[in-house]
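# show me how the following folds:
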Amino acid sequence: MANHKYLRGRRLEWAIQKLFKESGFCAVRAAGSHGVADVIVFRDPGDEPLTLTQPIPYSDITEVLDGWLEESDPKKILDPFLFGKKRYLARGGTQTLHMIPAQVWLIQAKSTKG
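Residues are numbered from 1 along each chain as shown. Have a look, this model is predicted:
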């Protein structure tokens, strides 16, 4: 029997990965890592050598996540993450992203039952 929480979270990670890829970024899902990030986003180098030394501004991230609300309550943003985004689902429930700004963006995705 499938774990429904896992499946919901995996679908959200895939959706976030696709959203960033469609916006011209490279996005990698760190499946099964149980580490700090579920999705890692960095600039697409195109024909240039890959460099992770150019930070991605928060404004670029918010542009991709258009429609997501700011999560401003520091008690709801997991340590060591600095930024949070949330959206409400039509059937109820929420989807939340916790993010760390760096040369790459480390994104942890959470989804509640809707």
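# when you work out contacts or count neighbours from here on, use the C-alpha atoms and nothing else.
Noted.
# rounded mean pLDDT for the longest helix along the chain, please.
Determined from DSSP state H, the single longest helix within the chain is helix 4-22. Averaging pLDDT along helix 4-22 gives 90.
# in stretch 30-37, which residues are buried?
Across stretch 30-37, burial judged by 16 or more other C-alpha atoms under 10 Å covers 30, 37.
# extract the CA atoms of that stretch and return them as CSV.
The C-alpha trace of stretch 30-37 is given here as CSV (Å, rounded to 0.1, in the frame of the first residue of the first chain):
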residue,chain,number,x,y,z
ALA,A,30,17.0,15.0,-4.5
ALA,A,31,14.8,11.9,-4.2
GLY,A,32,15.3,9.8,-1.1
SER,A,33,18.1,12.0,0.2
HIS,A,34,16.3,12.8,3.5
GLY,A,35,18.7,15.8,3.5
VAL,A,36,18.3,19.5,3.7
ALA,A,37,16.7,19.9,0.3
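# just checking: what are the partner strands of the helix or strand bottoming out on mean pLDDT in the chain?
Within the chain, judged by mean pLDDT, DSSP states H and E, the helix or strand with the poorest mean is strand 105-111; its value is a mean of 79. Next to strand 105-111 in the sheet, as set by DSSP bridges, lie strand 39-43 (antiparallel), strand 94-100 (antiparallel).
# what's the last one in contact with?
Judged by C-alpha atoms under 8 Å, 6 or more residues apart in numbering, the contacts made with strand 94-100 from elsewhere in the structure are 12, 77-78, 80-89, 105-114.
# buried subset of the residues you listed?
The buried subset of the contacts of strand 94-100 - by 16+ other C-alpha under 10 Å - is 12, 77, 81, 83-87, 105-111.
# Asp47: which of these is nearest?
Asp47 lies nearest to Trp105 out of these, by C-alpha to C-alpha, at 21.3 Å.
# and the gap between the spatially closest residue to Leu82 that is not a sequence neighbour and Phe81?
Spatial nearest neighbour of Leu82, chain neighbours left out: Ile100 (5.6 Å); criterion: C-alpha to C-alpha, 6 or more residues apart in numbering. As for Ile100, its distance to Phe81 is 5 Å (criterion: C-alpha to C-alpha, to the nearest Å).
# cool, thanks, signing off.
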